[in-house]
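> Starting from these lines, generate the structure:
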Amino acid sequence: MPLFLLHPLYAVTFVLLLFLMVPRKEIQRLSLFGIVLGGGGDSIVHTFGYITGLFSWINYGPFGFIGVHIFANISWTAFFIIYFYYLPRQKPLTYLFVLAGIFASFLYYNVMLDIHIFQSVNRLILPLIGFTVWFTIATWAFLKWNHYIEGKCREKMYPY
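Take a look at the predicted model:
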């Protein structure tokens with residue numbers, strides 16, 4: 001099997017997990033968060049990595065353009081929808097959840113390096129910094145954005 005087919009299989013797996021683990025109504029509610037903070041964030045990060053030469057996709061076959069792999073955006077969108085659905089509301093658990101997401105992404109990053117689908121100038125510091133910044137910003141933005149939207153919905157329901 002060609003290497004460039006591994007990531008589409010990975011993306012399909014995440015999408016199937018999404019439909020099995022998250023109710024359809026929640027997928028609809030969280031899809032904008034997943035697209036903007038997951039898939040959109042991945043596109044921005046990988047365009048930066050490709051331009052600077054720090055990291056980029058290789059062996060993506062017909063599924064990418066200038067260092068951005070199409071199926072990576074789909075899998076990150078599905079991942080972040082699942083991530084936001086299970087994100088706990090209590091502060092200490094939220095921090096542990098963010099750390100678990102960073103660790104899982106770090107492992108995935110290194111697996112992609114080992115099977116030669118991804119190339120990078122650094123295996124340790126660069127992904128740890130990148131995933132820490134990405135997960136912190138995405139979680140913070142989701143919590144603030146969600147709080148704002150819920151507040152607006154309450155104002156419409158109870159205007160007094």
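> what's the average pLDDT for stretch 127-136?
On average, the pLDDT along stretch 127-136 is 93.
> which residues touch that stretch?
By CB atoms under 8 Å, 6 or more residues apart in numbering, the surrounding residues in contact with stretch 127-136 are Gly41, Val45, Val98, Gly101, Ile102, Ser105, Phe106, Tyr109, Asn110, Ser120. For every residue, glycine as well, the C-beta is placed using N, CA and C.
> and the second one, how far is that from Phe19?
Between Val45 and Phe19 the distance is 26 Å, computed by CB to CB, to the nearest Å.
> The two - which one has more neighbours?
Neighbour totals were compared for Val45 and Phe19, and Val45 leads with 18 against 11 (other CB atoms under 10 Å).
> coming back round to it: what about burial for the contacts of stretch 127-136, which qualify?
Among those, the ones that count as buried by 16 or more other CB atoms under 10 Å are Gly41, Val45, Val98, Gly101, Ile102, Ser105, Phe106, Tyr109, Ser120.
> Between all of those, which two are at the greatest distance?
Greatest spacing in the buried ones among the contacts of stretch 127-136, by CB to CB: Val98 and Ser120 (22.2 Å).
> Show me how far the one helix or strand in the chain whose mean pLDDT sits lowest is from its chain's centre.
Least confident element among the helices and strands of the chain, by mean pLDDT, DSSP states H and E: strand 64-65 (a mean of 71). Its chain's average C-alpha position is 18 Å from that of strand 64-65, according to CA atoms, centre = their mean, to the nearest Å.
> and it, which strands flank it?
If you go by DSSP bridges, strand 64-65 pairs up with strand 68-69 (antiparallel).
> I'd like the next helix or strand past the partner strand.
The helix or strand immediately downstream of strand 68-69 is helix 70-86, counting by DSSP states H and E.
> Output the contacting helices and strands for that following helix.
In this structure, helix 70-86 packs against helix 6-21, helix 24-33, helix 41-52, helix 91-114, with contacts taken as 3 or more CB pairs under 8 Å, 6 or more residues apart in numbering; DSSP states H and E.
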